[in-house]
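Trainee: Only the shape, not the letters, is given here:
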């Protein structure tokens, strides 16, 4: 599935991923490919985008996450890239 | 040769000015490129927000959200205060850039006054603030620290108090006067109404929320969170576009100044050389004349 992480200043991530774990307002949500259309508000926490064996982490605050047609869109005012983990 | 020396002085002065304007042109060009990248980078976020809000807004919901509701006219007990956010640059030497923005803001203020509102100014950028201060107009807030690298936080700081005042029903509207960045050479001033929010229209085919859409929490709560984001983003885009527009306008202005300096230099140099030649010719003919007189 295709994942984009967008802040007002720039697109922080744009690419394919196997799984996304996002801090929703009421707890973490995991998104896998072929997820049903979905939209949720985000809280504060770490967003993880997994691709193969690697993961990109971002710390986010506020904004929302949207899944439509196997495309995940994370839109938030406050997002910062965190160091990658293996 | 007094005249010749004066000319030489002017030539040197024009040359120095040209050096400065040429440098400013180059600096503006490189800053423009970076500012332009920021305008482009801001687009996906704005597009995503617009799309999502268009999906969520329905006429029934619109009535319930203060940010979407249009307040009553001042004659019918509605609020009289109307905010105008004016974005200008902190520095001049950009041709008519700031003057055009100020003109646009004044036009807007007069239009609001004619409708019975009391316009309030929120200034961003030294040039606009300086002008209205000179006219003796007070600003509700003045920001000169944003400069040409605006962030989403800057936008939030300015607009958040306005959103809150609007929700309390104290403000009738919020207008934003900024420079639209159409291209590096076209940066016309523009006014957009950022409050009440004009809900973006969904594409006809996708009207309404899709039935299988899972929304968490409900559409109400989502909209309540997203509308302020949308308003903040409108101001952020204004800031980014104006910053890019400033550099574009300055580059054009400085290019013209450099070209004009070149033209003036050509005329001055030609005059100087002609005078020098005339003086030499005169001296020679004097010497020849003197020699002929001695012989005779």
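Mentor: Perfect, thanks for sending it. Since we're looking at a predicted model, the values are computed, not measured.

Trainee: so does the top strand by length along chain B get close to chain A?
Mentor: What stands out as the longest strand in chain B, according to DSSP state E, is strand B:171-179. No. On the criterion CB under 8 Å from any CB of the partner chain, strand B:171-179 is out of touch with chain A, staying 15.4 Å away. From N, CA and C alone the C-beta is placed, and that goes for glycine too.

Trainee: Could you list the paired strands of that strand along with their orientation?
Mentor: In the sheet, strand B:171-179 lines up against strand B:81-87 (parallel), strand B:189-195 (antiparallel) (DSSP bridges).

Trainee: ok, residues contacting the last one?
Mentor: The contact list for strand B:189-195, computed with CB atoms under 8 Å, 6 or more residues apart in numbering or on different chains, reads B:67, B:85, B:100-101, B:103-104, B:108, B:159, B:162-163, B:166, B:171, B:173-180, B:231, B:234-235, B:238.

Trainee: What subset of the residues you listed is buried?
Mentor: With burial judged by 16 or more other CB atoms under 10 Å in any protein chain shown, the buried subset of the contacts of strand B:189-195 is B:67, B:85, B:100-101, B:104, B:108, B:159, B:162-163, B:166, B:171, B:173-180, B:231, B:234-235, B:238.

Trainee: pLDDT below threshold where in the chain?
Mentor: Reading this off chain A. A:82-86 (pLDDT under 70).

Trainee: sorry, should have said chain B
Mentor: In chain B, residues with pLDDT under 70: B:1-2, B:201-212.

Trainee: Compute the first-to-last residue distance for stretch B:140-159.
Mentor: Start-to-end span of stretch B:140-159 (CA to CA, to the nearest Å) is 12 Å.

Trainee: Chain A against chain B: which residues are in contact?
Mentor: So chain A meets chain B at A:4, A:6-11, A:24-26, A:36-41, A:62-64, A:66, A:73, A:75, A:77-78 (CB under 8 Å from any CB).

Trainee: Show me which of those are buried.
Mentor: Buried among these by 16+ other CB under 10 Å: A:4, A:6-10, A:24-25, A:37-41, A:62-64, A:66, A:73, A:75, A:77-78.

Trainee: so how far is residue B:150 from residue B:244?
Mentor: Residue B:244 sits 10 Å away from residue B:150, going by CB to CB, to the nearest Å.

Trainee: Same question for residue B:275.
Mentor: 53 Å.

Trainee: And the two? Which one has more around it.
Mentor: Neighbours around residue B:275 and residue B:150, counted as other CB atoms under 10 Å in any protein chain shown, are more numerous at residue B:150. The numbers are 26 against 14.

Trainee: ok, and the closest non-adjacent residue to the more buried one?
Mentor: residue B:239 (3.7 Å; CB to CB, 6 or more residues apart in numbering or on different chains).

Trainee: With residue B:117 instead?
Mentor: Nearest one to residue B:117, counting by CB to CB, 6+ apart, is residue B:82 at 4.0 Å.

Trainee: what residues are up against the residue in the stretch 1-150 of chain B that chain A sits nearest to?
Mentor: Proximity to chain A, evaluated over the stretch 1-150 of chain B using CB to the nearest CB, is greatest for residue B:41 at 4.3 Å. Residue B:41 sits next to A:9-11 when contact means CB under 8 Å, 6+ apart.

Trainee: just the helices in the stretch 151-296 of chain B please.
Mentor: In the stretch 151-296 of chain B, the helices defined using DSSP state H, counting those that start in this stretch lie at B:152-167, B:219-295.

Trainee: tell me which parts of chain B are close to chain A?
Mentor: B:38, B:41-42, B:44-46, B:48-49, B:52, B:151-152, B:155-156, B:210, B:212-217, B:221-222, B:225-226, B:229, B:232-233, B:236.

Trainee: Among these, name the buried ones.
Mentor: Buried among the residues of chain B next to chain A (16+ other CB under 10 Å): B:38, B:41-42, B:44-46, B:48-49, B:52, B:151-152, B:155-156, B:213, B:215-216, B:222, B:225-226, B:229, B:232-233, B:236.

Trainee: Of the helices of the stretch 151-296 of chain B, which stretch is the most buried?
Mentor: Each of those was assessed for mean neighbour count using mean count of other CB atoms under 10 Å in any protein chain shown. The highest is helix B:152-167, with a mean of 19.

Trainee: which strands and helices sit next to that helix?
Mentor: strand B:81-87, strand B:118-124, strand B:139-143, strand B:171-179, strand B:189-195, helix B:219-295 (3 or more CB pairs under 8 Å, 6 or more residues apart in numbering or on different chains; DSSP states H and E).

Trainee: Of all residues in the stretch 51-200 of chain B, which one is closest to chain A?
Mentor: For the stretch 51-200 of chain B, CB to the nearest CB, closest residue to chain A: residue B:152, 4.1 Å.

Trainee: how near is that residue to residue B:171?
Mentor: 22 Å.

Trainee: try residue B:279
Mentor: Computed as CB to CB, the residue B:279 to residue B:171 distance reads 73 Å.

Trainee: show me the contacts for residue B:174.
Mentor: So residue B:174 contacts B:82-85, B:159, B:162, B:166, B:193-195, B:231 (CB under 8 Å, 6+ apart).

Trainee: And the strands in chain A?
Mentor: Using DSSP E, strands in chain A cover A:2-6, A:11-16, A:19-24, A:27-31, A:38-41, A:44-51, A:54-61, A:64-68, A:71-75, A:78-85.

Trainee: How is chain B divided into domains?
Mentor: Per automatic domain parsing, the domain ranges recorded for chain B read B:2-20+B:260-289, B:25-253.

Trainee: who's in contact with residue B:218?
Mentor: Per CB under 8 Å, 6+ apart, neighbours of residue B:218: none.

Trainee: Name the SS class of residue B:78, please.
Mentor: Look at residue B:78: counting by DSSP: H, G, I helix; E, B strand; the rest coil, its state is coil.

Trainee: Thanks a lot, catch you later.
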